[in-house]
Structures are given as structure tokens and as C-alpha cells.
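> next come a sequence and a model predicted from it.
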Amino acid sequence: MRITTWNVNSLTARLQHVLDWTKANPVDVLCLQELKLTDDKFPLDVLRHAGYQHCAVFGQKTYNGVAVLSRHPVREVVKNINGFADEHSRLLSVTVGAPQGPVRVVNGYFVNGQEPGSEKFAYKMKWLDGLRAHVRSELAANEKVVLLGDFNIAPEDRDSFDPDGLRETIHHTSEEREHFRGLVGLGMSDSFRMFEQPEKSFSWWDYRMLGYQKNRGLRIDHILVSDGVKALVKACTIDRTPRKWEKPSDHAPVTVELG
DNA sequence: ATGACGCATCGAATGCGA
């Protein structure tokens, strides 16, 4: 069973990439972020035809928007963070009826935050407070929990192409990293770091100034797993292939394989 | 400090991303 997270930066602009990628990589569950479309514009029929019979969608016009595409039934769909009023569509929690037993999948498009000290950064911190409480309750209620998505946090220096030059800038601040460790502290593991990985492994590269060609990137897309999932994890990989295609998303898909 | 690139918005210039 494979579960993938991919920030597509507009599903409308990236639909063909999603179809091409899933044809080559028919993962069981595909979690998307930054749909940038409303629910009524979601290409449900096309994705069903591609094998994703069970879709949960939480869209928004122009910005944000998340979805879970699944080959197995999904149930108990929850939009956004319980008890946290939010104008944005950023979090979608579903239970996937997997062959190995139910897996609670929490798909997030975390707040960017723009700049430390800004209002948007304060919103990011509040959102992360709410998320931690949300994940704590999911862990209390479910043995198998997967928290994945675009975290907009580079957890460690090795997750950035320029950790010294970018120290305490957005995605690199101590507060953001403390929040990442807080999520891990609830009893979750960064599946990517369970395995030996190439140096300078990133999941996002700036469109500008040949960011991808120079591998000036960040690892900000993550898959965290609860202890009940950890024992099943066989691999976690970033697929840079679609980043080389014409008109790519600036993010690459990240996939965890469960045995 | 600014812009660089891409996407969305009713039609051009701007906001936003990371």
C-alpha cells in the first residue's frame, strides 16, 4: 500500500501531470494540496476513471484547497481543525479502509507564514497549535495515523540548500522547527528519515533563477507516521521526475510504502 | 532592498507563494 503527498499548485493547471504520474505510479492514496479550485470544479469523473473511485475534497477558490484521492473506501471525513475557526481550506482528515486495516490519513496544506513577525506568521503559529491538538486527538482515537502534506517547514539544516544563509528566515525559524518537533513528540516518526537518503534531498525548488537545475531546494513536504504505522513502513521516496516535465508544480510528490 | 517564475483573477496589474 502506497500513500503520496503532492502539492500540485493548481489542480486545473496540473491535471494532466496527476494523470500521467498516477498511471506510472498507481499509488493507493494520493493527497493533494493547493487545488486552487472550488468543489464544483473538481475533476471527479476523470479521477474516478483513473482509478480513484473514492475522493474527499475540500476546495477553495484561488488559494489553498486539499483533497484525498483513494482506491479504497474513505469514511469519517473531517474538514479543517476541530475547534479552530479557519477561513482557509487547509486540512482534510479521512479514514481509509486499507487491506492492512483502517488508516487515519490527515492531509494538510500548512500555512506559509511569509515572514517571521508578520500577521501571517502569527496565523501560522496559531494554526500549528490547533493542528497539534487535532493530531493528538486523532492519535488517541486511531492506532494507525499518517500526517502528511506541505508542512512549509524545513525541519533541520540538512533539509535546506542554504541553512546558514537562510537561518531564522521563513521555513527555517526556531519556532517552526519547534512545532515540527512537537508533532513528532506526540508519537510520530518522519518516515523519510527512517531510511538512508541521498544528501541534499529536497521536495520543493523555486521556479525562479534555475532553482531546480541548481538543486536550490527545501524539504518541506513530509509524511509522519504513528507507531502503529511505523512497523509497516518499507520506504519513503521523493520522486523528482515530474519536476522535470513541462510546466511542473514547484513541489515533487513524496510517497511512503507500507507493507 | 528588489526581482526573478508561475498561477489566479473577468480582461491588467496585483496578490501570493516559498
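Arrived safely.
> looking only at pLDDT, what's the mean for the strand or helix carrying A:Leu92?
Take DSSP states H and E as the rule and A:Leu92 turns out to sit in strand A:91-98. Mean pLDDT, strand A:91-98: 96.
> can I get that strand as CSV, trimmed to CA atoms?
Provided in CSV are the C-alpha atoms of strand A:91-98 (Å, rounded to 0.1, in the frame of the first residue of the first chain):
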residue,chain,number,x,y,z
LEU,A,91,-6.8,20.3,6.4
LEU,A,92,-8.7,17.1,5.4
SER,A,93,-8.8,14.0,7.7
VAL,A,94,-10.2,10.7,6.4
THR,A,95,-10.2,7.1,7.3
VAL,A,96,-9.0,4.8,4.5
GLY,A,97,-10.3,1.2,4.6
ALA,A,98,-6.9,-0.3,3.7
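> could I get the full set of strands for the stretch 151-259 of chain A?
Here the stretch 151-259 of chain A has its strands, by DSSP state E, counting those that start in this stretch, at A:188-190, A:204-205, A:217-218, A:221-226, A:233-238, A:254-258.
> residues from the stretch 101-250 of chain A in reach of DNA strand B?
Contacts of the stretch 101-250 of chain A with DNA strand B, taken as C-beta under 7 Å from any atom of the strand, map to A:111-112, A:114, A:120, A:150, A:152, A:170-171, A:204, A:206-209, A:218, A:220, A:247, A:250. (C-beta placed from N, C-alpha, C; glycine too.)
> returning to what we had before: tell me what the strand holding A:Leu92 is packed against?
Contact here means 3 or more C-beta pairs under 8 Å, 6 or more residues apart in numbering; DSSP states H and E; on that basis strand A:91-98 packs against strand A:54-58, strand A:66-70, strand A:74-79, strand A:101-109, helix A:119-141.
> mind listing what's buried along that strand?
By 16 or more other C-beta atoms under 10 Å, the buried positions in strand A:91-98 come out as A:91-96, A:98.
> again with stretch A:197-209
For stretch A:197-209, by 16+ other C-beta under 10 Å, it's A:201-205.
> just give me how far that stretch sits from the chain centre.
With C-alpha atoms, centre = their mean, to the nearest Å as the basis, stretch A:197-209 stands 16 Å off its chain's centre.
> got it, and stretch A:202-213?
Distance, centroid of stretch A:202-213 to centroid of chain: 18 Å (C-alpha atoms, centre = their mean).
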